[in-house]
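Novice: Give me the fold of what follows.
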Amino acid sequence: MLNDYFYVMKTIIKKILLVTGLMSLSLGVSSQCEIKNRIYPDGSMLYYIEPVNFYWTETKDLKGGIMTDRENYFLALQPNPYPEKSVGKKLKSDLVLKLSDEKEYLFEHFDTRYLEGDSLMEMLFLIHEDHMKPLQEFEVVQAKIDMMGEEGLRTYTFKLHKAALKEQLDCFLKEEEDKKEK
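Specialist: Residues are numbered from 1 along each chain as shown. The predicted structure is shown next:
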C-alpha cells in the first residue's frame with residue numbers, strides 16, 4: 001500500500017517537473033522578443049530587448065543586443081571590464097563583426113555612454129541599411145572593439161547566443177510590420 005502511494009506521488013512529481021520545465025522554456029523563448037523602452041537624459045527614447053551574454057570568461061565578458069529609436073537600428077554592446085569614464089568617452093572606433101558567412105562587416109560608432117550610475121558602459125554602433133540583411137541571415141562569430149591605450153583591439157569570439165542579434169532584429173522588424181498592417 002505504501003509502495004503504491006510512493007509510486008503515484010513519484011509519477012505526479014515527474015509530471016509537475018516536466019510541465020514546469022516546459023513553461024520556463026517557453027517563457028525564456030518569448031522573453032527574447034520582449035521589447036522595452038528607456039528614456040535617456042538627453043530626452044531620446046530607445047527601444048531595446050534585454051542584453052544577452054555573448055562571451056564570458058573570468059577576466060572579461062561581452063553583453064549586448066539591438067536597439068532602435070524607430071528610425072535607426074543600433075547594436076548596443078557592453079564590454080566588461082571597461083575603462084573609466086574619462087577614457088571611455090574617447091572610444092570612437094568602429095566595430096568589426098565577423099558573421100557566419102565568413103565576411104567582416106564594419107559598424108560605425110555612434111555613441112559611448114555610461115549607465116546605471118556609471119556602473120555599466122554601453123557602446124552604440126549604427127546598423128546601416130546594407131548590414132540589415134546579413135544580420136538577419138547569419139549568426140555572429142566574432143566582434144572586434146578597439147579599447148585604445150595599452151589594451152588596443154579586444155577580440156570576442158562569440159561562445160553564447162550567436163543567433164541573438166538575428167532573432168532580436170527579426171523581432172523588431174516583425175513588430176514594425178505588424179504596426180503597419182494595423
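
Novice: got any ranges where this structure has weak pLDDT?
Specialist: Counting by pLDDT under 70, the chain contains low-confidence residues at 1-32.

Novice: go again using 80 as the cut-off
Specialist: 1-32, 40-42, 116-118, 149-150, 182 (pLDDT under 80).

Novice: Show me where it has its strands.
Specialist: According to DSSP state E, the chain carries its strands in the segments 35-39, 45-49, 52-56, 61-68, 73-80, 95-99, 104-115, 120-127, 140-146, 153-157.

Novice: helices and strands around the fourth one, which ones?
Specialist: Translated: strand 61-68. When contacts are defined as 3 or more Cβ pairs under 8 Å, 6 or more residues apart in numbering; DSSP states H and E, strand 61-68 packs onto strand 45-49, strand 52-56, strand 73-80, helix 164-181. Heads up, the C-betas are built off the backbone N, CA and C, glycines and all.

Novice: contacting residues for residue 52?
Specialist: Counting by Cβ atoms under 8 Å, 6 or more residues apart in numbering, residue 52 touches 32, 63, 64, 65, 160, 161, 164.

Novice: so what's the residue nearest to the last one when sequence neighbours are not counted bridging to?
Specialist: The reference is to residue 164. Spatial nearest neighbour of residue 164, excluding adjacent residues (Cβ to Cβ, 6 or more residues apart in numbering): residue 52 at 4.6 Å. According to DSSP bridges, residue 64 are recorded as the beta-bridge partners of residue 52.

Novice: Flag every buried residue along stretch 76-91.
Specialist: 76, 77, 78, 79, 82, 83, 88, 91 (16 or more other Cβ atoms under 10 Å).

Novice: So for this protein, the centremost residue is which one?
Specialist: residue 65 (2.6 Å; Cα atoms, centre = their mean).

Novice: Pretty sure that one sits against residue 167.
Specialist: No - between residue 65 and residue 167 no contact is recorded; they are 9.8 Å apart, counting by Cβ atoms under 8 Å.

Novice: Spell out which residues make up each domain of the chain.
Specialist: Structural domains assigned to the chain are 1-31, 35-181, following automatic domain parsing.

Novice: Let me know which of the ones you listed is tucked in deepest.
Specialist: domain 35-181 (a mean of 15; mean count of other Cβ atoms under 10 Å).

Novice: Please save the CA atoms from stretch 85-99 in PDB.
Specialist: The C-alpha coordinates for stretch 85-99 follow below in PDB (Å, rounded to 0.1, in the frame of the first residue of the first chain):
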ATOM      1  CA  LYS A  85      34.600  57.500 -17.900                       C
ATOM      2  CA  SER A  86      37.300  59.900 -19.000                       C
ATOM      3  CA  VAL A  87      38.900  57.300 -21.200                       C
ATOM      4  CA  GLY A  88      35.700  55.600 -22.200                       C
ATOM      5  CA  LYS A  89      34.200  58.700 -23.700                       C
ATOM      6  CA  LYS A  90      37.200  58.800 -26.100                       C
ATOM      7  CA  LEU A  91      36.300  55.400 -27.600                       C
ATOM      8  CA  LYS A  92      35.100  56.300 -31.000                       C
ATOM      9  CA  SER A  93      36.400  53.400 -33.200                       C
ATOM     10  CA  ASP A  94      34.100  51.500 -35.400                       C
ATOM     11  CA  LEU A  95      33.100  47.900 -34.600                       C
ATOM     12  CA  VAL A  96      34.100  44.900 -36.800                       C
ATOM     13  CA  LEU A  97      31.700  42.000 -36.700                       C
ATOM     14  CA  LYS A  98      32.500  38.700 -38.400                       C
ATOM     15  CA  LEU A  99      29.400  36.700 -39.300                       C
END
